[in-house]
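J.: Next come a sequence and a model predicted from it.
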Amino acid sequence: MAGDDLFGAAGLEDGAPRPLADRLRPKTLEEVVGQDHLIGQGAPLRTLIEKGRLPSIIFWGPPGTGKTTLARLLADHVDLDFVQISAIFSGVGELRKVFEAARARRQAGRGTLLFVDEIHRFNRTQQDSFLPVMEDGTITLIGATTENPSFELNAALLSRAQVFTLRRLDEDALSHLVDRAEEELGLTLPLTAGARAALADLSDGDGRFLLGLIEDLAARAGDEPLDEAGLSEAVQRRMPVYDKAQEGHYNLASALQKSIRGSDTDAALYWTARMLNAGEDPLFILRRLTVIASEDVGNADPQALRLAHAAREAYLFLGDPEGHHAIGQLVAYLGSAPKSNAAYSALKQAKAAARQTGSLMPPKHAMNAPTKLMKAEGYSDGYLYDHDTPDGFAGLDYFPPEMERQEFYQPRGRGAEKTIRERLEWYAARRKDRPR
């Protein structure tokens, strides 16, 4: 039974105008495109339903990838009544009514699949309200979210559901949708081959958005075919899926840092461009690049940190869009520079050692003696002024007397750190000649 569709039950569905996306909504799992990793033969979701068992599920994926459609099809496969709500428009009162109706169905021998769109919009108290009805079998929950469930959903809710990740539709899946749309409409879209390929790019992996574009273009059937430039004028280009306050923001920032760390300069420039095109604050990008200059390039190229500071000053002086050139210059420099995280790792190790050793005092020769009492206590005894020695290095040990020497900083031998390593090795050899 397909749930509470009053529109269809009234017999109005066939004659009423319906959006193309609704007309092409898959009626079987085989018609779903782009999600073979979940519903292909031997895939985990397919295996579950073939065994006749459907647990509560969280569908996580970008818009227009088929989350709602899959939920409807799964309800049919396991013979559950399908009920759909949106977390945007629902509150505790509506949830209570939905749960009461599900209990009534259960008493009548029917099960309920409750599909909750945008489930991450519910607060923690609302999410907790699902737990009892999931545990006693009143509902099978399928929640849909575009946000990372690990961050947006309660641990208790996640522990009672399996998370399945839907992928943005690839080129083959989008091309298949275009073919199906033309067959349904009974026409060929007025597009050149290049514009047809660009149409898929405009959708950014969102099948629902693609079908909306096709509906707009169908009105032009019979006109001269549009090339790529004409297509850009005919439809409003979609902004990339990117929320500066949510996970996409951090995913792209992570991709940028890891591309630079991996010396993939071209990929780093691509992720920078993606962030700028999506409207990211350039100062956020510059802060991230400054971190990279210190953490990932480090002393292998000490100029990197200076250039990061200069790029920030240039952007503040030039503004948009000219200031973006300074960002691109910095990204290209950091991606191409020798890399070393030795200084970053050394500080982490030193912090750990400092926590473990507590409040050890410095050696006496490392402390000043501005008073007679301090001189009497031996402060500054044994200190040698390094600049007065022939090599400018006295070889004193400055660790606490109760603590063994540690070697935190280990230069990698790349770029400028090759010279630094040689110098540190010379210091260490000289230091060994002096007793502690």
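T.: Everything's here; your move.

J.: which residues does residue 282 contact?
T.: 276, 315, 320, 323-324, 327 (Cβ atoms under 8 Å, 6 or more residues apart in numbering). Every residue, glycine included, has its C-beta placed from N, CA and C.

J.: Okay, and residue 198 sits in which element?
T.: Assigned by DSSP states H and E, residue 198 belongs to helix 193-203.

J.: can you list contacts of that helix?
T.: Contacts of helix 193-203 (Cβ under 8 Å, 6+ apart): 64, 169, 171, 174-175, 178, 189, 191, 209-210, 213-214, 217, 225-228, 230-232, 235, 237-238.

J.: repeat for stretch 363-370
T.: Counting by Cβ under 8 Å, 6+ apart, 361, 374-375, 377-384, 396-401 sit against stretch 363-370.

J.: Looking at those, which are in helices?
T.: 374-375 (DSSP state H).

J.: Report the buried members of the contacts of helix 193-203.
T.: Among these, those classed as buried by 16 or more other Cβ atoms under 10 Å are 64, 169, 174-175, 178, 189, 191, 209-210, 213-214, 217, 226, 228, 230-231, 235.

J.: The closest residue to residue 207 other than its chain neighbours and residue 213, how far apart?
T.: Residue nearest to residue 207 in three dimensions, not counting chain neighbours: residue 64, with 4.7 Å by Cβ to Cβ, 6 or more residues apart in numbering. Noted for residue 64: a distance of 11 Å to residue 213, by Cβ to Cβ, to the nearest Å.

J.: Then residue 106?
T.: Distance, residue 106 to residue 213, using Cβ to Cβ: 43 Å.

J.: And for residue 28?
T.: For residue 28, the distance to residue 213 - Cβ to Cβ - is 25 Å.

J.: same thing with residue 129?
T.: Residue 129 is 39 Å from residue 213, by Cβ to Cβ.

J.: Could you do residue 256 as well?
T.: On the measure of Cβ to Cβ, residue 256 and residue 213 end up 30 Å apart.

J.: Chain neighbours aside, what residue packs nearest to residue 264?
T.: Going by Cβ to Cβ, 6+ apart, residue 264 has residue 335 as its nearest residue, at 6.7 Å.

J.: Tell me where this structure has strands.
T.: 57-60, 81-86, 112-117, 140-145, 162-165 (DSSP state E).

J.: could you dump those strands to CSV with distance to residue 72, mean pLDDT and mean neighbour count?
T.: Listed next are those as CSV, based on distance: least, Cβ to Cβ, whole Å; pLDDT from 0 to 100; neighbours: other Cβ atoms under 10 Å:
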stretch, distance to residue 72, mean pLDDT, mean neighbour count
strand 57-60, 12, 94, 24
strand 81-86, 6, 93, 18
strand 112-117, 8, 94, 25
strand 140-145, 10, 94, 25
strand 162-165, 15, 92, 16
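
J.: any chance you could map the helices in the stretch 101-250 of the chain?
T.: For the stretch 101-250 of the chain, the helices defined by DSSP state H, counting those that start in this stretch cover 124-128, 130-135, 149-152, 155-159, 171-185, 193-203, 207-218, 228-234, 247-261.

J.: Mean neighbour count, those: which tops it?
T.: helix 207-218 (a mean of 20; mean count of other Cβ atoms under 10 Å).
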